[in-house]
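Undergrad: What follows is a predicted structure for the sequence shown.
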Amino acid sequence: MNLVDSTPVTDDLDQKGIPYRLFTHTEMVRSLEQAAAERGQRPEQVIRSLLFRMPGEQYVMVLVAGPGQIPWKNLRRYLGESRLTTADPEELLAVTGYQRGAVSPFGLKRPVRILIDRQIISQTEISLGSGVRGTTVILKSDDLQKGLPQAEIVDLYGQV
């Protein structure tokens, strides 16, 4: 794997004054559990940035911790939408500028509504996409919130 010095994500974090460290995996990442172990983290510290399409070509990014399944019913209820689908790879790239496996809420190609599941906030340190596959950004969950002041904190796994 090539070492990465800078990505749109790190450029955005630098501009916002958010501290982080970059971690590059030495081999292909095949599972969330493997990624967590190599980073010295638990699976619930690995954050997935998932993009969903809503009616009217609107998009929302949902940040969730670990390997858990998205509670679709709660997400639809929170958004007030009956129809919601995951963005396809072309939409993902067009909206975020990132490919699957490298998506981040930072350095997005265009503004997107962002939801952060409350479980993330309970973690002291998290890791998320850097914009480059095989490389991650590790930061404090407090700094995630500071860097995304417009993001909505939601309880997707509890009562919405």
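TA: Yep, that arrived.
Undergrad: Okay, now the unreliable bits of this protein?
TA: 1-4, 159-160 (pLDDT under 70).
Undergrad: any chance you could map the strands in it?
TA: Taking DSSP state E as the criterion, the chain carries its strands at 21-24, 47-54, 58-65, 85-86, 113-117, 125-129, 135-140, 152-154.
Undergrad: Looking at those strands, which is nearest to Y98?
TA: strand 125-129 (6.5 Å; Cβ to Cβ). In short, each C-beta sits where N, CA and C put it, glycine included.
Undergrad: between the closest one and strand 47-54, how big is the angle?
TA: With axes from the mean of the first three to the mean of the last three Cα atoms, to 10 degrees defining the directions, strand 125-129 sits at 50 degrees from strand 47-54.
Undergrad: which other helices and strands contact strand 125-129?
TA: strand 47-54, strand 135-140, helix 141-147 (3 or more Cβ pairs under 8 Å, 6 or more residues apart in numbering; DSSP states H and E).
Undergrad: With mean neighbour count and distance to T7 added, can I get these in CSV?
TA: Below are the helices and strands packed on strand 125-129 laid out as CSV (neighbours: other Cβ atoms under 10 Å; distance: least, Cβ to Cβ, whole Å):
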stretch, mean neighbour count, distance to T7
strand 47-54, 20, 14
strand 135-140, 21, 7
helix 141-147, 17, 14
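Undergrad: Columns distance to D12 on top of these, output as JSON lines?
TA: Listed next are the helices and strands packed on strand 125-129 as JSON lines, based on distance: least, Cβ to Cβ, whole Å:
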{"stretch": "strand 47-54", "distance to D12": "13"}
{"stretch": "strand 135-140", "distance to D12": "10"}
{"stretch": "helix 141-147", "distance to D12": "8"}
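Undergrad: can you tell which of the ones you listed is closest to G40?
TA: Nearest to G40 among the helices and strands packed on strand 125-129 is strand 135-140; the distance by Cβ to Cβ comes to 9.1 Å.
Undergrad: what's the first-to-last distance across stretch 11-30?
TA: Separation of the first and last residues of stretch 11-30 by Cα to Cα, to the nearest Å is 27 Å.
Undergrad: list the buried ones in that stretch?
TA: D12, L13, I18, Y20, L22, F23, V29 (16 or more other Cβ atoms under 10 Å).
Undergrad: so, if you compare these, which one comes nearest to P55?
TA: For the buried residues of stretch 11-30, the nearest to P55 is D12 (28.7 Å; Cβ to Cβ).
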